[in-house]
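>>> Generate coordinates for the sequence data below:
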Amino acid sequence: MGDLTGIFSQHEIVPNIVEQAPREKLNLVWDGIKVEPGMTIPVRNLKNAPRFNLNVDPESTFTMLMIDPDNLSKKNPSVAEWLHWLVCNIPASNVLEGINGGQHQMAYGSPAPGPRTGLHRYIILMWEHQGRRVGEPKPSSRAKFSVKKFVEKHKLGQPIAGNFFYAQNETQ
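Here you go, the predicted structure:
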């Protein structure tokens, strides 16, 4: 798996998006493709939400999100952080079994980077919040989400797990 802190720092996720790298790699599978941090995935394989799982405390609760910090482009991130997915209060059984459950505060929106905008990073992070629920209203927009503000508001701390990949429009 390698060093998550190193790879998250190398790809400018730490400290730009989150203060600390996740403790573990989140197991993600998109359209049969097992995600390794920093790999590139064709957009055509990202139409549906991924399968995810992690070995976790069976009594706990989790929140997961996915963002694109490079929207409209890495050179011009005018609407970053673009929120692709936000699921709060996921039961541990769903995380253990890879079931897409919990409160979907922002439905999965598949990556669709614009033509000639280069590679975009897509970052998926998960937090554990045992014994309490995250009360987050449904965001009114996907644009200009802030992971740091979300983490601070809900006192989530370091992500328990995470992963990221790159995708780009086929028209470059």
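>>> Might you list the low-confidence residue ranges for this protein?
Flagging of the chain using pLDDT under 70 yields the residue ranges 1-2.
>>> Give the bridge partners for the residue nearest the centre of it, please.
The centroid of the chain falls nearest to I124 when counting by Cα atoms, centre = their mean (1.7 Å). Beta bridges link I124 to M66, N163 when assigned by DSSP bridges.
>>> Spatially, what comes nearest to Q172 if we skip its sequence neighbours?
With sequence-adjacent residues excluded and distances taken as Cβ to Cβ, 6 or more residues apart in numbering, Q172 is closest to R116, at 6.0 Å. In this view, the C-beta of every residue, glycine as well, is placed from N, C-alpha and C.
>>> count of residues packed around the residue nearest to A80 when sequence neighbours are not counted?
Counting by Cβ to Cβ, 6+ apart, P69 is the residue found nearest to A80 once chain neighbours are left out, at 4.8 Å. Neighbours of P69 under the rule other Cβ atoms under 10 Å: 20.
>>> For P69, give me its contacts.
For P69, the contacting residues are I13, N16, I17, P77, A80, E81, W82, R121, I123, by Cβ atoms under 8 Å, 6 or more residues apart in numbering.
>>> In strands, which of those residues fall?
Among the contacts of P69, the members found in strands (DSSP state E) are W82, R121, I123.
>>> where's Q10 relative to L4, distance?
11 Å (Cβ to Cβ, to the nearest Å).
>>> Between these two, tell me which one has more neighbours.
L4 (21 against 12).
>>> picking up where we left off before, for I90, state which of the ones in strands among the contacts of P69 is nearest.
Closest approach between the ones in strands among the contacts of P69 and I90, by Cβ to Cβ: I123, at 17.4 Å.
>>> The closest one and Y166 touch, don't they?
No: if you go by Cβ atoms under 8 Å, I123 and Y166 don't touch, sitting 10.4 Å apart.
>>> Mind checking which of the two has more residues around it?
Set I123 next to Y166 and count neighbours by other Cβ under 10 Å: I123 wins out with 25 against 17.
>>> so what's the more buried one up against?
Contact analysis of I123 by Cβ under 8 Å, 6+ apart lists I13, I17, M66, I67, D68, P69, V147, G162, N163, F164.
>>> buried subset of the contacts of P69?
Neighbour counting by 16 or more other Cβ atoms under 10 Å classes I13, I17, P77, A80, E81, W82, R121, I123 among the contacts of P69 as buried.
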